[in-house]
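**Student:** All I have is the shape, not the residue letters:
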């Protein structure tokens, strides 16, 4: 795509060199693009035999796209011509409650799309902290921990206080009142007393997965 | 005090019947009253042989008041003609970090001013959660737990998840950035996934003590 | 439930020991869990003969659940294999206006689910304060007062100024403009001049009921 | 003042016709004007034999001004060549607590500067509502009620619910945590369930006095 | 209504004495009450031959109510057994733009429901200030001015700067971006440089009408 | 239109002299005006043979209007009896991502409605900055640059740092979490380290176009 | 400056090519740089015979700098080896009140530093709108209007509604309560109903001047 | 330290096992601890021959501490009995402007305290993006990039768009108006269109360094 006048899609400038530059492809934000735009983007990617992941893609838009795989919980739509090259390293995606499942799904799907071995441990929040503490031995086997939590997001602080790995907090928009929209969890993670906790925007499972991808790249020779 | 024109302090309407009505006396907010107002209030209380506690009282104002006891960390000034009648029940005041000491002090001093047996357990926040977990057996002996915490205030969620007693969260203004002024901790406590956590305004150690007083009253015959 | 790979619901970690640990069971947040998740949670609880309450459960989800009782005003769905063991003590749930009825209902239903004697006194807000003042003698017979109010939530301040019991304020999302979403009432309750008023998150009737449960536990031998 | 180049104060455009146009003179906001600007403004007013009131005037600036009267509590500085023409009608300025005294003073001083009979009734907030209720008969004799209150400002709702007169709420910046800067009181007054309560900006005693002046003008033949 | 157990509507405490106490009846907030609640309230009022106005009443609820008059723009539903007693004085309701029409309608309908002579002058905002300036002579004949404006609400400042009457600003939720929900207009009115401008909550046309009612009462002998 | 009682549309005061006064006609905010109001406004404009543009016009309203042109992406509806007089100067509308297309469309359509030569360069945001940098030579040929961007709006800072022309930033409501509603982009543009960047309200493509119109007027003899 | 290790100031990367690239030099933000940093920056500029302007420079820092000119009201410090090349076009800087003088001064000083003819018209806000209206004929002679206003900033809307030129709004931090820090004025300007008003960050007089510089560049051949 | 009654510092619970558990020691927040508390903490650490770093330590407190090293720009105070064990890997700390120097210093000092090779590249923000672009080859040699930026923090987006390494954004409180306190930069970083950018709380240089420490641990065998 050149962006010249003759281009059939002069309004699209897909970043085909991102994989080479950063180690992962451009991800498309499904929520704010129209079905027409998504169709044209996917069409272009197929023409380039270039894998593509749409995030926060509404079901009615996903239905207009062909051949890819849609996960209605995680709201991801993926088309990949072949399996991704595997990346060395393992990522655990832990969550506070069952209602965080969509963001857990988005993170796990993105990690696997990138060729990363990912495992979810859900519903182990601090209202019953033994659920988390008993998983600590398992967690030791992972290189990166993504912690997904809504309400007050306290699981992140506890996890970062107990685990030496990089911990990436993802606040979710699960909650109501002051927790509505994920702000309480976001601020709790940013203001955490646990040192070195890194934070993503609310519900940003894709971003956490890409951050993990960057971190695993540090291991590469 | 009648509030009539002849009253020397027509601008003061101290609530002398609060002890009888609610079980505890009026507390004076030192921070926003002038030294002159505080002096006149204290003078009136002495005339009525009525105990008085000034909260958030700046040192320079405390110096202008006579005979009472000032705690420069907790910023409370107390004058009591005699020891308070003891209230049945014990209250633990736990805190996340050393910087929460002023609010812990305010709560403890107020509880003791009210005749309540209070004990502080400080600096046991979730960045190193074993510090809290090893105190659990001790905590079982208390009737009410006041949990004072700044930054993201996660200690409250863990405490309310482990302890069956009434837990009163007091966010503190310790922190910076999004935690500045105590908002992150306040919202985390209000939005806590731990059920039944009750919350006070930021830095409101006095309020937590009075809430505990109300709760201990439920035990009274 | 062990959370191992063989578990049919590895994404669910229901806290079955909460009743024993805290004196009340885990409550499920209906609003953000999918119908599928709620069905599996309820199924598990039935298998364990364990009572369950879903809060903020939308009608369309409630319809997919069997045998339980749904209250469309309070949006609670309850399944209990047998009546709860009665808890000693009485709780009054007072409200400012008729529009607060859903949160009053949630609190009352939760209290009764827990085995607590609860009574509602609605629509007695401060725009006509005599409505509240004439109920004061009745209120004296209760151990705990839950005060549900929207708009500016001033009923909480008046109640906490007149009643010696523990008063738990629950701001509601009733209102518009600056009161939209319950923030005006929440801040008014937190910043109340009436001492010792404890506050819950906006619309958190369940939380207030559980806080009352904790308080009544102080009375227990 | 013409604003032409030859004008010694081309940066000042005092509104000398406001008295004639609106019934009250321009009030100068002392806080953000420099001492030099205030001196020149006062000098001009004296040259025009035009009364002037500076609001929120810091003591160190007031000291640089001559012959006027400075009230250090209310922070008003007034110079009037002769007493104002009396305005028919009476205004009560009620307040929640002693710490609201500066704003009460600003309102009372401004009312008297305008020629209006004003009386203060202070420290009668809702934490002990009988203090307000017993003043109701007295309040019936006033044409306008200005209600000054900090923290959660609930006195305004109660007053507007009991009194038929115009009630003007003035939130004050007295409070801390969520009440800091007067926002909790402001929102509570705006969102009040009591109908017809009118609201001014935080600490705006001058504005409330001028609003009362406008209202009393309705009575004028 | 007594509120006793035998009461068919123990959850309703309509304030029947408000007319006598304040000079106007209770107004019902239609938006947050259910259709069932509104029907019972209206039924009660009819039984008492007591006029009733429901504000912000959604069309689908209005359809379930009989015999009253519904204004779909203003969203008011009114039932009055007879015309109101006329109140002396006139009120102008001015607005910035055509999109403010619903709030103008609510204010005008409420004023007329109260027996007050009201007139609307719409779409005369400051983007073309001559539209307002040419109406100044007409405005001089009114006792009170209600100024309804969205976006940045600047019409209120100009009106309060030019007109000596009481000016009541009503910000509307018309606008987008920073003006969304009416906050920009609300803050502009509260922070107005024009002295003595009184402010209501966003979209609160009913409140402005009742405030005007209180003001006109000052004129009454 | 005179606004007198005989006027069929006394609630409409279309500003017919704006073209003469400011060089561009009044634009109608479609979103908050009812279909009925829009029809009457359009009818009036046709009667006056006066071009009209409705912004943020929902499709269902546009369908009720006749003969004009509706752009469903940009949500503009335009009726023009003849082509506009051309204005000297060229405007580039650049954007960060494909999801900003509606606001780009609104700006471009408005510019062309005003007679200005406008060109869009979309999807060239800073996540792959070479997309922007390679367009720099092209951009040099434009007189004004409108920069439309959501999320964090960083393209504006880069553009204003590289281009000497007037740069007008338009944040869009594209994004989620902290970027929801366009606030992150708005604040980033206002707080930009790049000097002289001018900012419009969120999604305000019309405003940016009119600002550009004003700027091109400076060139006119 | 190369930024290599041998560089005496490797932490400084003054943008010497900005004049050539954008038509104006880099401006230094005095407030957050230390006196030591400012001294080294100024020293470097002198070595390069490159004019420099420090904005928001505190007096105590200005005193440590030699030979330049400090304006204590505007808080600008300027060193220029020779007068700037004159730019064609005139800019008016109008303001709402006397307290806006520092920002007016910053804008005027920056414009003159850039070689632009600038004139101030102060204290002509909308509380007495005739002050502004009578200056309209004068304003017609300017190419660009910078409108500086605090409180609710309504002067911008009126000016943009009356004047065809580019109007750049600069909200100031003059005000208290909801207007504190300039947010009310900022939002009012962004949400203005007057079309095409461009907005700068609060107190950003430098930015407005540079925006005007960019606009005048459009006129250049 | 055991926390028993006999403990001379029962209010301190230094986490001596953090080094072993997480790979780095507890960091002390200097700003909110009193000088007395800091002295006792440092004394304890010396007794344990345990290195200690105090962050955001005010100069007057640092003066009361002996033998350590204080950096007045970065506000860190460090006491280390011996050099730290070196950690494999290199970290670059880049910044937008000279005013970000304190946070750059805090990050660099903490990294070196932890035994990590750190290098600063300052004042290379996007207002002149070539300053950053020409450093890209150098940056390729680092394992982790910490990006410190105030105002709108756009450097983070550009860096994360060009560099494949983990990028940790640290917003700084440099700025005014909407950027005051670092919120604009914080939200811009969280909402960044550049994928996988991880974010810390405002001014949290220590946190960024510890996050980098966690990431470098992934490389360890």
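**Tutor:** Cool, the structure landed. These numbers come from a predicted model, not from an experiment. Numbers count the residues shown, from 1 in each chain, chains lettered A, B, ... in the order given.
**Student:** mind checking how far whichever helix in chain A runs longest is from the chain centre?
**Tutor:** Assignment by DSSP state H gives helix A:205-219 as the longest helix of chain A. Relative to its parent chain, helix A:205-219 has a centroid offset of 9 Å by Cα atoms, centre = their mean, to the nearest Å.
**Student:** hmm, it touching chain H?
**Tutor:** Yes - using Cβ under 8 Å from any Cβ of the partner chain, helix A:205-219 reaches chain H at A:206, A:207, A:209, A:210, A:211, A:213, A:214, A:215, A:216, A:217, A:218, A:219. Quick note: C-beta positions are derived from backbone N, CA and C, even for glycine.
**Student:** most surrounded residue in those?
**Tutor:** Greatest neighbour count in these, by other Cβ atoms under 10 Å in any protein chain shown, goes to residue A:209: 33 neighbours.
**Student:** Would stretch A:207-221 count as contacting chain F?
**Tutor:** No - between stretch A:207-221 and chain F, judged by Cβ under 8 Å from any Cβ, nothing touches; the nearest distance is 9.8 Å.
**Student:** Measure how buried the nearest residue to residue A:79 once chain neighbours are set aside is and give me the count.
**Tutor:** In this structure, residue A:79 finds its nearest non-sequential neighbour in residue A:68, 3.7 Å apart by Cβ to Cβ, 6 or more residues apart in numbering or on different chains. Number of residues near residue A:68 (other Cβ under 10 Å) recorded here: 19.
**Student:** Chain A: strands as residue ranges?
**Tutor:** Assigned by DSSP state E, the strands in chain A fall at A:28-29, A:52-55, A:69-71, A:76-79, A:90-95, A:117-121, A:144-149, A:167-171, A:198-199.
**Student:** how about CSV for these, with mean pLDDT and mean neighbour count added?
**Tutor:** CSV is the format used below for the strands of chain A (pLDDT from 0 to 100; neighbours: other Cβ atoms under 10 Å in any protein chain shown):
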stretch, mean pLDDT, mean neighbour count
strand A:28-29, 94, 22
strand A:52-55, 97, 24
strand A:69-71, 97, 15
strand A:76-79, 98, 22
strand A:90-95, 98, 26
strand A:117-121, 98, 19
strand A:144-149, 98, 30
strand A:167-171, 98, 32
strand A:198-199, 98, 32
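**Student:** Same list, those, but as a markdown table with distance to residue G:91 please.
**Tutor:** Below are those laid out as a markdown table (distance: least, Cβ to Cβ, whole Å):
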| stretch | distance to residue G:91 |
| --- | --- |
| strand A:28-29 | 41 |
| strand A:52-55 | 47 |
| strand A:69-71 | 56 |
| strand A:76-79 | 52 |
| strand A:90-95 | 56 |
| strand A:117-121 | 58 |
| strand A:144-149 | 52 |
| strand A:167-171 | 46 |
| strand A:198-199 | 44 |
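**Student:** Nearest approach to residue C:24 belongs to which of those strands?
**Tutor:** In terms of Cβ to Cβ, the element of those nearest to residue C:24 is strand A:144-149, at 22.4 Å.
**Student:** Give me the contacts around that closest one.
**Tutor:** Under the criterion Cβ atoms under 8 Å, 6 or more residues apart in numbering or on different chains, residues A:89-97, A:100, A:103-104, A:107, A:125, A:139, A:155-156, A:159-160, A:163, A:165-172, A:185, A:205, A:208-209, A:212, A:215-216, H:218 lie in contact with strand A:144-149.
**Student:** So which of the residues you listed reach chain B?
**Tutor:** A:96, A:97, A:125, A:160, A:185.
**Student:** Closest to residue B:26 out of the residues you listed?
**Tutor:** For those, the minimum distance to residue B:26 (Cβ to Cβ) is 38.2 Å, reached by residue A:185.
**Student:** ok, now which ones touch the closest one?
**Tutor:** Counting by Cβ under 8 Å, 6+ apart, residue A:185 has contacts A:149, A:150, A:151, A:152, A:153, A:171, A:172, A:175, A:179, A:202, B:188, B:191.
**Student:** Tell me the residues on chain A that lie near chain F, please.
**Tutor:** Close to chain F, as judged by Cβ under 8 Å from any Cβ, chain A has residues A:3, A:10-13, A:15, A:17-18, A:21, A:26, A:29, A:31-34, A:37, A:41, A:56, A:171, A:173, A:181-182, A:186, A:201-204.
**Student:** quick one on the thing from earlier: I'd say the residue nearest to residue A:79 and residue A:78 touch.
**Tutor:** Yes - between residue A:68 and residue A:78 there is a contact at 5.7 Å, judged by Cβ atoms under 8 Å.
**Student:** Spit out the residues that contact those two alike.
**Tutor:** Common neighbours of residue A:68 and residue A:78 (Cβ under 8 Å, 6+ apart) are residue A:52.
**Student:** All the helices of chain A, residue numbers only.
**Tutor:** For chain A, helices defined by DSSP H occupy the ranges A:18-22, A:35-47, A:59-62, A:101-113, A:130-133, A:136-139, A:154-162, A:183-190, A:205-219.
**Student:** Which among those is found nearest to residue F:132?
**Tutor:** helix A:18-22 (14.9 Å).
**Student:** quick one: buried residues of that closest one?
**Tutor:** By 16 or more other Cβ atoms under 10 Å in any protein chain shown, the buried positions in helix A:18-22 come out as A:18, A:22.
**Student:** Name the nearest of the residues of helix A:205-219 next to chain H relative to chain B.
**Tutor:** Taking Cβ to the nearest Cβ as the measure, chain B sits nearest to residue A:207 out of the residues of helix A:205-219 next to chain H, at 18.2 Å.
**Student:** So which bits of chain A are right by chain B?
**Tutor:** Near chain B, when you scan chain A using Cβ under 8 Å from any Cβ, you find A:96-97, A:125-129, A:150-154, A:157-158, A:160-162, A:175, A:177-179, A:183-195.
**Student:** Drop anything exposed from those residues.
**Tutor:** A:96-97, A:125-129, A:150-154, A:157-158, A:160-162, A:175, A:177-179, A:183-195.
**Student:** what's near enough to touch the nearest residue to residue A:120 once chain neighbours are set aside?
**Tutor:** Nearest non-adjacent residue to residue A:120, counting by Cβ to Cβ, 6+ apart: residue A:93, 4.8 Å away. By Cβ under 8 Å, 6+ apart, the contact set of residue A:93 is A:104, A:107, A:108, A:111, A:118, A:119, A:120, A:121, A:146, A:148, A:208.
**Student:** my guess is residue A:112 meets residue A:118, correct?
**Tutor:** Yes - Residue A:112 lies in contact with residue A:118 (Cβ under 8 Å); the separation is 5.8 Å.
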